[in-house]
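Visitor: Could you work out the structure for the sequence below:
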Amino acid sequence: MKQKIIIYQVLPRLYGNRNTTRKENGSIEENGSGKMNDFTSSELKKIREKGITHVWYTGIIRHATQTDYKSFGIPRQHPAVIKGKAGSPYAIADYYDVDPDLAVNVENRMDEFEKLLSRTHRAGLKFIIDFVPNHVARQYKSICKPRGVKDLGTGDNQEKGFDPQNNFYYCPGQSLSPYFDTYHGEKQPYEETPAKATGNDHFDNAPGMNDWYETVKLNYGVDYYAGRVGHFDPIPSTWKKMLHILLFWAGKGVDAFRCDMAEMVPAEFWAWATKQVKEKFPEIIFIGEVYNPNEYRNYLASGFDYLYDKVGMYDTMRNVICHRSNTNAITQAWQACDDIRDHMLYFLENHDEQRIASDFFAGNGRKAMPALIVNALMQQNPFMVYAGQEYGERGMDKEGFSGQDGKTTIFDYWSIDTLCRADANQLSAEEKQLADVYSKVLNFARKEKAIAEGEMFDLMYVNQQYQRQYAFLRKAGKEMVLVVANFDDAPVQMNLTLPAHAFDCLGIKEKVYTATELFSGASFELELQKDDVLELHMAPYDGIVCKIK
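Guide: Numbers count the residues shown, from 1 in each chain. Below you'll find the model as predicted:
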């Protein structure tokens, strides 16, 4: 049977950390850091039992940090160009190295990574890492590159703002003149001459506070100064270097790359690179962070297996959860991508988005239970969960650089409250109940043929009177699932119509079936007739998932 992909995103720096000091702007010595070794065989088994198939280990590759590891031969980074004490996992300092924060023995950090990879596979899980292709840390310098590999920027003509064979974009004759304090407590300021273009396509020498000022943009042969003209023949130097990096990690045995800001890199590169990687590693998966719906099909045609469905499905679900949209918007969202639906990655949280239970979103994780049920079960495409989401993690800490923004920090040394309490068996009854719902839904999605392989029939076009509820059927062979979700904060009595068209499309016979409800476990007889009505009662933020044989 085809298996539905269920991704669990973790930041190892946070996930295994049980230090509850949580000092604002605290150092690694004060607040601690999770390690790769925290993902023991038993811990990975627990993750698998949640219904997970793939673990996305965020922040594995070494990035810029204010923590000093120069005693291990790791170049010290200037704190003026680092966000937070821990630094951003997306300001890569060495594409061939592993983040030392995550190692028990820093000198053996690659060995600890390889053992984590092996443990993950033995647990029956697939391994995802980030590939950050658009930008690097301002002080990028590889100390772990294989013999014969030339570092990024080596040989660049820095007298040209753009050259197709340069790895960076430059501001010739100009020094970096940013908005921020270039000393940041150091005796010497951070200096960069000539200034390099900043990662968020900021091409002058003065990045502002809202720019990705800690990063520099990589040059894939696109001349932004001339209106984004592409120069791809001969193959740009950056293409060759980034392909080598992909092959390096694929050769280690990783199963998938989550490609950061993929749409900021030309589709021509992806078509060239993914083809070569997949020729050597046919099972490898590419997941793209692409936000422009007009580019979805272009990037899928360039070798991506899955793309974020953020602007469509995520934004829609958030609006429905927060009572800003009715549930008919869900139908509109999936129909907009119906031709590529199997390639869209659904999620309700990730490191870039605010926690559901935060004051900035829904205020309580339970309010997203119907969205979980709908998104995880409505299509064959992957679904992603962010560690702590299953417990209703609030993300309302004021950690340091990130401030109190409803997100779990990626810049600071910290620990996640619900993960710490789950480990100590100190969750509240409500948190345990929410985690149980997640486990049941995700395991059901992973194991049931009707979900992993079946067709979906949206029932809302004949039930339009219900603006805060959503219902659909899934069917594969002789197995069928009825899913109904109540997004309202009040109980509802539904008279759900099953149209004759659903019977004809899915090949449903009119007769009495045996049905089992997922959450209660209750079995009962259910008579299905064309254009008949099912009487359903649901509590607030509730759902019904019936397996029908």
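Visitor: switch to C-alpha atoms for all contacts and neighbour counts from now on
Guide: OK.
Visitor: hey, where'd the helices end up in the chain?
Guide: In the chain, helices defined by DSSP state H lie at 12-15, 28-31, 41-49, 109-122, 237-252, 267-280, 296-300, 315-321, 328-336, 369-377, 417-423, 429-447, 449-452, 500-506, listed in chain order.
Visitor: and these as JSON lines, adding mean neighbour count?
Guide: Below are the helices of the chain laid out as JSON lines (neighbours: other CA atoms under 10 Å):
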{"stretch": "helix 12-15", "mean neighbour count": "24"}
{"stretch": "helix 28-31", "mean neighbour count": "16"}
{"stretch": "helix 41-49", "mean neighbour count": "17"}
{"stretch": "helix 109-122", "mean neighbour count": "18"}
{"stretch": "helix 237-252", "mean neighbour count": "17"}
{"stretch": "helix 267-280", "mean neighbour count": "17"}
{"stretch": "helix 296-300", "mean neighbour count": "19"}
{"stretch": "helix 315-321", "mean neighbour count": "21"}
{"stretch": "helix 328-336", "mean neighbour count": "17"}
{"stretch": "helix 369-377", "mean neighbour count": "25"}
{"stretch": "helix 417-423", "mean neighbour count": "18"}
{"stretch": "helix 429-447", "mean neighbour count": "19"}
{"stretch": "helix 449-452", "mean neighbour count": "25"}
{"stretch": "helix 500-506", "mean neighbour count": "15"}
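Visitor: Of the ones you listed, which is nearest residue 59?
Guide: With CA to CA as the criterion, residue 59 lies closest to helix 12-15 of those, at 7.4 Å.
Visitor: what's next to the closest one, contact-wise?
Guide: For helix 12-15, the surrounding residues in contact (CA atoms under 8 Å, 6 or more residues apart in numbering) are 33-36, 57-60, 101-102, 387, 413-416, 419.
Visitor: quick one on the thing from earlier: so which of the helices of the chain gets nearest residue 71?
Guide: helix 109-122 (14.5 Å).
Visitor: Return the list of helices and strands in contact with that closest one.
Guide: Packed against helix 109-122 by the contact rule (3 or more CA pairs under 8 Å, 6 or more residues apart in numbering; DSSP states H and E) you find helix 41-49, strand 92-98, strand 126-131.
Visitor: With distance to residue 309 and mean pLDDT added, can I get those in TSV?
Guide: Output for these, formatted as TSV (distance: least, CA to CA, whole Å; pLDDT from 0 to 100):
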stretch	distance to residue 309	mean pLDDT
helix 41-49	24	98
strand 92-98	25	98
strand 126-131	18	98
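Visitor: got CSV for the ones you listed, with distance to residue 515 too?
Guide: Converted to CSV, the helices and strands packed on helix 109-122 look like this (distance: least, CA to CA, whole Å):
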stretch, distance to residue 515
helix 41-49, 25
strand 92-98, 50
strand 126-131, 33
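Visitor: and the gap between the residue nearest the centre of the chain and residue 21?
Guide: The structure's the chain has its C-alpha centroid closest to residue 350; by CA atoms, centre = their mean the separation is 5.2 Å. Residue 350 sits 24 Å away from residue 21, going by CA to CA, to the nearest Å.
Visitor: mind checking pLDDT for residue 163?
Guide: For residue 163, the pLDDT comes out at 98.
Visitor: Identify whichever of the helices and strands packed on helix 109-122 lies nearest to residue 178.
Guide: Nearest to residue 178, of all the helices and strands packed on helix 109-122, is strand 92-98, at 20.1 Å by CA to CA.
Visitor: coming back round to it: distance to residue 391 added to the helices of the chain, as a markdown table?
Guide: Output for the helices of the chain, formatted as a markdown table (distance: least, CA to CA, whole Å):
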| stretch | distance to residue 391 |
| --- | --- |
| helix 12-15 | 13 |
| helix 28-31 | 22 |
| helix 41-49 | 13 |
| helix 109-122 | 23 |
| helix 237-252 | 32 |
| helix 267-280 | 36 |
| helix 296-300 | 32 |
| helix 315-321 | 17 |
| helix 328-336 | 25 |
| helix 369-377 | 11 |
| helix 417-423 | 6 |
| helix 429-447 | 5 |
| helix 449-452 | 24 |
| helix 500-506 | 36 |
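Visitor: With respect to residue 471, which of the ones you listed lies nearest?
Guide: For these, the distance to residue 471 is smallest for helix 369-377, at 8.3 Å, taking CA to CA.
Visitor: Give me the residues contacting that closest one.
Guide: Contacts of helix 369-377 (CA under 8 Å, 6+ apart): 317, 321, 346-348, 382-383, 434, 437-438, 441-442, 445, 451, 470, 483-487, 541-543.
Visitor: Please name the residues that touch the residue lying closest to residue 175 once chain neighbours are set aside.
Guide: Excluding the flanking residues, the one nearest residue 175 by CA to CA, 6 or more residues apart in numbering is residue 193, at 4.5 Å. By CA under 8 Å, 6+ apart, the contact list for residue 193 reads 173-176.
Visitor: Buried only: go through those residues for me.
Guide: Neighbour-count burial (16 or more other CA atoms under 10 Å) is assigned, among the contacts of residue 193, to 175-176.
Visitor: now, among the contacts of residue 193, which is nearest to residue 27?
Guide: Closest to residue 27 out of the contacts of residue 193 is residue 176 (27.8 Å), distances taken as CA to CA.
Visitor: Test my guess that the closest one contacts residue 205.
Guide: Yes: Residue 176 lies in contact with residue 205 (CA atoms under 8 Å); the separation is 4.9 Å.
Visitor: what is in contact with the two at once?
Guide: 195-196.
Visitor: Okay, residue 303 and residue 135: tell me how far apart.
Guide: Counting by CA to CA, the gap from residue 303 to residue 135 is 21 Å.
Visitor: who's more crowded, the two?
Guide: residue 135 (27 against 21; other CA atoms under 10 Å).
Visitor: list the contacts for that one?
Guide: Residue 135 makes contact with 90-92, 199, 215-218 under the criterion CA under 8 Å, 6+ apart.
Visitor: The same query, at a cut-off of 7 Å, please.
Guide: 199, 215-218 (CA atoms under 7 Å, 6 or more residues apart in numbering).
Visitor: How about residue 4?
Guide: 380-382, 445-446, 452.
Visitor: Dump these into a markdown table; add pLDDT and distance to residue 495 as well.
Guide: What follows is the contacts of residue 4, written out as a markdown table (pLDDT from 0 to 100; distance: CA to CA, whole Å):
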| residue | pLDDT | distance to residue 495 |
| --- | --- | --- |
| 380 | 97 | 27 |
| 381 | 98 | 29 |
| 382 | 98 | 31 |
| 445 | 97 | 26 |
| 446 | 96 | 30 |
| 452 | 95 | 28 |
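Visitor: just those residues now: which is nearest residue 458?
Guide: Closest to residue 458, out of all of the contacts of residue 4 and judged by CA to CA, is residue 380, at 14.1 Å.
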